[in-house]
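# here is my input; please provide its structure:
(one chain, ligands or ions: 1)
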Amino acid sequence: MKITAIDTFTLRVPTAKPIALDLPEHRLVVTRIHTDAGSEGLGYSLVFGGSGSEAVEAYARRLAELLISEDPLLVGRLWDKMYRADRGIRRVGIAGYALSALDIGLWDLAGKAANLPLAKLWGATTDRVDAYGSGGWGSYSLDDLIGEAKKYAAAGCHYYKMKVHDPDPRVNRQRVEAVRKALGDGVRMMVDVNQKLDVQSSIRQAQLLEDLDLVWYEEPALADDLAACAEVARAIRIPVATGENNYTRFEFRELIERRAARYLMPDVCRANGYTETMRIGQLAAAHQVALSPHVVHELSLHVAAALPNSFLVEWIDWVPADLFEGMPKCEAGAFRITDRPGHGIALTADAEKKYKMA
Ligand SMILES: [Mg+2]
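Numbering: from 1, shown residues only. Now for the predicted structure:
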């Protein structure tokens with residue numbers, strides 16, 4: 001099999017309230033890989049909030065040129081070719097997103113060639129992965145917040161994650177307590193700092209939350225500063241989660257060595273695709289650290305189902321019904337691996353017409 005062409009384009013997809021209060025749209029940088037055998041692979045990177053998608057698309061086009069005429073089933077070789085192509089550009093940030101979109105498309109082709117969903121191609125440990133409801137942005141009113149939390153609980157989720165974005169840590173404590181009270185004992189909670197605090201402020205915020213039995217305290221410091229994350233982790237009694245803005249197995253190795261987190265959260269659309277995310281997951285398994293992949297649950301579900309050390313996928317219920325075919329449905333708080341080969345996701349016939357950017 002040979003790759004004959006790759007289409008690269010961006011979809012701009014509006015969100016609905018309450019998510020739209022904080023993030024009015026998301027963008028998907030899409031790569032569609034065509035082959036001489038007639039099969040197609042779909043890859044995409046979710047650019048959360050949309051900013052920077054033009055740069056991701058431009059670099060994905062550059063990497064796509066390297067794949068023309070190659071055998072798509074040599075996924076690891078092509079990953080290496082892309083990863084090592086431009087030594088003056090590190091494979092983090094924009095470049096990580098771009099490589100991810102192509103790697104995900106290559107794995108989609110590999111799954112289709114084997115007629116297996118990726119989780120089973122990788123030796124699945126389960127065919128059902130529990131999800132946590134995620135959202136709770138700072139711009140939500142208390143009613144928005146509790147309404148969203150209860151919606152996920154009604155879908156069967158036993159975990160809900162919200163942001164702690166108010167500049168006053170006592171306000172964040174009050175909001176977490178209010179949601180916890182509204183949800184009752186059947187749902188446990190996590191909170192997300194999203195890198196907004198310095199080390200001292202982050203430690204103070206965590207200490208104000210320590211008696212609330214939180215599962216984790218997420219992205220406590222700037223993601224570039226692994227030492228700062230480790231410093232917070234040493235100082236607080238809530239387990240730390242981080243990794244959605246880390247990109248390679250080398251960065252994750254350092255997080256592990258520094259004991260900076262008990263939960264690692266690579267994003268398959270950022271961390272150089274499925275290829276690197278699976279390596280990060282195996283590395284975490286060797287250190288008894290849990291893997292809880294970041295967003296895009298429709299894609300990361302396969303990673304979580306394949307690995308022995310995964311804990312939950314993150315479910316942000318934002319995707320409009322007319323964007324994807326094959327979107328997994330939440331059943332009693334969990335997502336099942338279906339028999340659809342590859343990652344199982346396709347764009348609907350109308351998605352391009354409706355959402356494609358000029
Ligand atoms: Mg997060």
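# contacts and neighbour counts: CA atoms only from here.
Will do.
# which parts of this protein are helices?
Under the criterion DSSP state H, helices of the chain are mapped to 53-65, 75-83, 94-114, 118-121, 142-154, 169-183, 199-207, 226-235, 249-257, 273-286, 297-306, 351-355.
# quick one: these as TSV, columns for distance to residue 8 too.
What follows is the helices of the chain, written out as TSV (distance: least, C-alpha to C-alpha, whole Å):
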stretch	distance to residue 8
helix 53-65	6
helix 75-83	16
helix 94-114	10
helix 118-121	23
helix 142-154	34
helix 169-183	41
helix 199-207	40
helix 226-235	33
helix 249-257	26
helix 273-286	16
helix 297-306	19
helix 351-355	12
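# okay, those in CSV with mean neighbour count next?
Shown next, in CSV, are those (neighbours: other C-alpha atoms under 10 Å):
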stretch, mean neighbour count
helix 53-65, 19
helix 75-83, 17
helix 94-114, 26
helix 118-121, 22
helix 142-154, 18
helix 169-183, 17
helix 199-207, 19
helix 226-235, 21
helix 249-257, 17
helix 273-286, 21
helix 297-306, 25
helix 351-355, 15
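# out of the ones you listed, which is closest to residue 332?
helix 142-154 (8.8 Å; C-alpha to C-alpha).
# chain center to that closest one: distance?
Computed by C-alpha atoms, centre = their mean, to the nearest Å, the chain-centroid distance of helix 142-154 equals 22 Å.
# please apply the same query to stretch 210-226.
Distance, centroid of stretch 210-226 to centroid of chain: 17 Å (C-alpha atoms, centre = their mean).
# try stretch 306-314
The answer for stretch 306-314 is 12 Å, by C-alpha atoms, centre = their mean.
# from one end of it to the other, what's the distance?
The stretch stretch 306-314 measures 16 Å between its terminal residues, going by C-alpha to C-alpha, to the nearest Å.
# repeat for stretch 204-216
OK, stretch 204-216 end separation, C-alpha to C-alpha: 15 Å.
# what's in contact with it?
169-170, 173, 177, 188-191, 217, 236-241, 263 (C-alpha atoms under 8 Å, 6 or more residues apart in numbering).
# got it, and stretch 7-27?
With contacts defined as C-alpha under 8 Å, 6+ apart, stretch 7-27 is touched by 28-33, 46-50, 53, 57, 60-61, 135, 137-140, 144, 318-320, 352, 355-357.
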